[in-house]
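sequence first, then the predicted structure:
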Amino acid sequence: MSATAVIHDLDTNPKPLRAAVDVAVMAVCGCGFAAMLLGFTMLLLTNNHPGGRDFVSYWTAGHQIVHHANPYDSAAVLNAERSVGFPANSQALIMRNAPWALALVMPLGALGLETGALCWSALLAACMALSVFLVWRLLGRPKDKLHLLGYMFGPALICVLCGQTAVLALLGLTLFLTLHRAHPFQAGAALWLCALKPHLFLPFGIALLLWIFFSRSYRILAGFAATMLATSLLATWIDPVVWTQYLQMMRTAGIEGEFIPCLSVALRFAIHPQAMWLEYLPAVAACTWAVHYFWNRRHRWNWVEHSATLMVVSITLAPYAWIMDEALLIPAVMFGIYQAKSRAQLELFALGSAIMEFAMTFSVGAHSPFYLWTAPFWLAWYAYVTHEANSEKLSYATA
């Protein structure tokens with residue numbers, strides 16, 4: 001029996017099998033979410049070992065830059081990190097964001113480690129919550145409670161717990177979707193947050209540029225350019241050689257030997273680990289597809305709907321992406337949730353999210369090949385749900 005047939009049977013069969021599956025899925029999802037919620041609560045209440053989380057790289061960069069020191073100097077960064085409890089046998093955890101991102105971490109240079117970690121965690125949690133709320137508004141403020149599933153999306157919760165910046169880029173994306181019609185300059189400025197992780201937006205960015213020129217929405221481009229220029233000049237004013245330091249760090253960081261569990265990196269490791277260009281082949285294919293995707297829909301382009309498809313492809317075929325970066329899929333998965341036509345489709349989403357939460361809770365490291373399934377899973381789930389919804393609409397229209 002096919003997977004589709006099984007889902008249809010479970011959804012239409014009110015007998016004990018349906019009830020048993022419901023209870024089992026709810027139990028797994030509830031436990032997974034509870035574990036992540038407990039971890040986050042403990043993080044806020046106790047600020048447990050902030051020197052051992054990814055946050056320490058941003059805190060160290062903030063302290064380096066406000067003291068006019070090199071924020072990308074591995075030796076100086078390592079000494080600072082070990083002084084606040086970073087594991088002695090670990091390599092330096094350097095902030096790899098480009099210098100324009102230093103404007104974001106400069107305030108951390110005025111804070112102690114624990115205070116900074118608390119503020120940073122609260123900021124990330126607020127960004128995630130605001131993003132879910134904004135997407136809910138964009139979807140028409142549905143009266144049901146399905147949008148609450150966005151708050152339990154595993155990658156976003158993991159991102160907040162790890163202190164990573166993907167939820168900041170998520171906020172930039174949702175602000176753009178919210179503001180692009182009425183406030184184009186501000187929408188462009190919000191895209192600066194997406195530039196914290198530009199490699200995750202390649203097909204999205206191609207479609208955005210085509211749309212800007214096709215619709216003559218140049219104020220969006222102006223807002224983005226102005227914000228990028230201002231933050232880049234700020235970093236350069238504080239450290240005139242910061243761009244040279246950044247490029248030197250990227251050349252010597254040994255990134256080519258680091259396994260990141262995503263399709264593009266797995267492709268490179270499988271074929272030729274030293275050939276970095278292999279990582280970009282899937283992204284090139286995705287960008288080519290994005291041109292075709294936009295052009296066929298240019299006269300009826302809707303950013304709320306079409307950005308969802310662009311982002312699931314962008315994340316799945318990015319040159320590299322961590323599981324935390326999948327937080328950027330919140331608009332897509334929420335759009336999919338409201339397209340879902342069965343409980344089984346919603347349970348499948350919740351189950352995938354819970355498995356990720358359990359894996360991270362029980363210390364399956366972020367470098368583990370275990371996570372290779374996650375981005376393709378969200379892509380397949382989104383494609384399945386939207387295909388079923390579109391098929392139902394077509395059947396209704398032709399009836």
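Structure received. Every value quoted in this text rests on a predicted model; they were computed, and no experiment measured them.

okay, now residue 325: neighbour count?
Neighbours of residue 325 under the rule other CB atoms under 10 Å: 25. Backbone N, C-alpha and C define where each C-beta goes, glycine included.

go on, residue 120?
24.

for residue 176, same thing?
Neighbours around residue 176, by other CB under 10 Å: 25.

send the alpha carbons of the strand or helix carrying it over as PDB?
Element membership of residue 176 [criterion: DSSP states H and E] is helix 166-179. These are the backbone C-alpha positions of helix 166-179, laid out as PDB (Å, rounded to 0.1, in the frame of the first residue of the first chain):
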ATOM      1  CA  ALA A 166      18.700  32.200  11.600                       C
ATOM      2  CA  VAL A 167      15.700  33.500  13.400                       C
ATOM      3  CA  LEU A 168      17.000  37.000  12.900                       C
ATOM      4  CA  ALA A 169      17.100  36.300   9.200                       C
ATOM      5  CA  LEU A 170      13.600  34.800   9.600                       C
ATOM      6  CA  LEU A 171      12.400  38.100  11.000                       C
ATOM      7  CA  GLY A 172      13.900  40.000   8.100                       C
ATOM      8  CA  LEU A 173      12.000  37.700   5.700                       C
ATOM      9  CA  THR A 174       8.700  38.100   7.400                       C
ATOM     10  CA  LEU A 175       9.100  41.800   7.700                       C
ATOM     11  CA  PHE A 176       9.700  42.000   4.000                       C
ATOM     12  CA  LEU A 177       6.600  40.000   3.300                       C
ATOM     13  CA  THR A 178       4.600  42.300   5.600                       C
ATOM     14  CA  LEU A 179       6.000  45.600   4.300                       C
END
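
what sits up against it?
104, 124, 127-128, 130-131, 134-135, 137-138, 155-156, 159-160, 186-188, 190-197, 200-201, 303-304, 307, 311, 322, 324-328, 330-331 (CB atoms under 8 Å, 6 or more residues apart in numbering).

cutoff 6 Å now
Applying CB atoms under 6 Å, 6 or more residues apart in numbering, the set of residues contacting helix 166-179 from outside is 124, 127-128, 131, 134-135, 138, 159, 186-187, 190-191, 193-194, 196-197, 303-304, 324-325, 327-328, 330.

could you do stretch 267-284 as well?
For stretch 267-284, contacts defined as CB under 6 Å, 6+ apart pick out 202, 256, 264-265, 317, 319.

highest neighbour count among the residues you listed?
For these, the largest number of neighbours (other CB under 10 Å) sits with residue 317, at 25 neighbours.

out of the contacts of stretch 267-284, who's nearest residue 233?
Residue 233 lies nearest to residue 202 out of the contacts of stretch 267-284, by CB to CB, at 25.6 Å.

tell me which element the nearest residue to that closest one once chain neighbours are set aside falls in.
Excluding its sequence neighbours, the residue lying closest to residue 202 (CB to CB, 6 or more residues apart in numbering) is residue 283, at 5.0 Å. Secondary structure from DSSP H and E places residue 283 in helix 281-297.

off-centre distance for that helix?
20 Å (CA atoms, centre = their mean, to the nearest Å).

tell me which residues of that helix come out buried.
Neighbour counts over helix 281-297 (16 or more other CB atoms under 10 Å) mark 281-283, 286-287, 289-290, 293-294 as buried.

got it, and stretch 78-90?
Residues 78, 80-81, 84, 86 are the ones in stretch 78-90 that count as buried (16+ other CB under 10 Å).

what about the contacts of stretch 267-284, which are in helices?
The helices, defined by DSSP state H, take in 202, 264-265 from these.

could you export those residues to TSV, including columns for pLDDT and distance to residue 112?
Shown next, in TSV, are the ones in helices among the contacts of stretch 267-284 (pLDDT from 0 to 100; distance: CB to CB, whole Å):
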residue	pLDDT	distance to residue 112
202	97	38
264	95	38
265	95	36
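
nearest to residue 240, of the residues you listed?
residue 202 (30.4 Å).

distance check, that closest one against residue 93.
As defined by CB to CB, to the nearest Å, residue 202 lies at a distance of 25 Å from residue 93.

quick one on the thing from earlier: adding distance to residue 298 as columns, could you present the contacts of stretch 267-284 in JSON lines?
Conversion of the contacts of stretch 267-284 to JSON lines gives the following (distance: CB to CB, whole Å):
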{"residue": "202", "distance to residue 298": "19"}
{"residue": "256", "distance to residue 298": "38"}
{"residue": "264", "distance to residue 298": "28"}
{"residue": "265", "distance to residue 298": "33"}
{"residue": "317", "distance to residue 298": "22"}
{"residue": "319", "distance to residue 298": "27"}
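
for stretch 67-75, which outside residues touch it?
By CB under 6 Å, 6+ apart, the surrounding residues in contact with stretch 67-75 are 61, 64-65, 92, 94, 245-246, 249.

export those to CSV and tack on pLDDT and distance to residue 182?
Listed next are the contacts of stretch 67-75 as CSV, based on pLDDT from 0 to 100; distance: CB to CB, whole Å:
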residue, pLDDT, distance to residue 182
61, 92, 35
64, 91, 39
65, 91, 35
92, 76, 44
94, 88, 39
245, 93, 40
246, 94, 36
249, 90, 40
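
which of these fall within strands?
Per DSSP state E, strands hold no members of these.

which one of the residues you listed sits in the busiest neighbourhood?
Most surrounded of the contacts of stretch 67-75: other CB under 10 Å gives residue 61, at 28 neighbours.

so it touches residue 105, yeah?
Yes: counting by CB atoms under 6 Å, residue 61 does reach residue 105; the two are 5.1 Å apart.

quick one: pLDDT of residue 358?
pLDDT recorded at residue 358 is 77.

just give me the neighbour total for it.
17.

go on, residue 165?
Applying other CB under 10 Å, we find 26 residues neighbouring residue 165.
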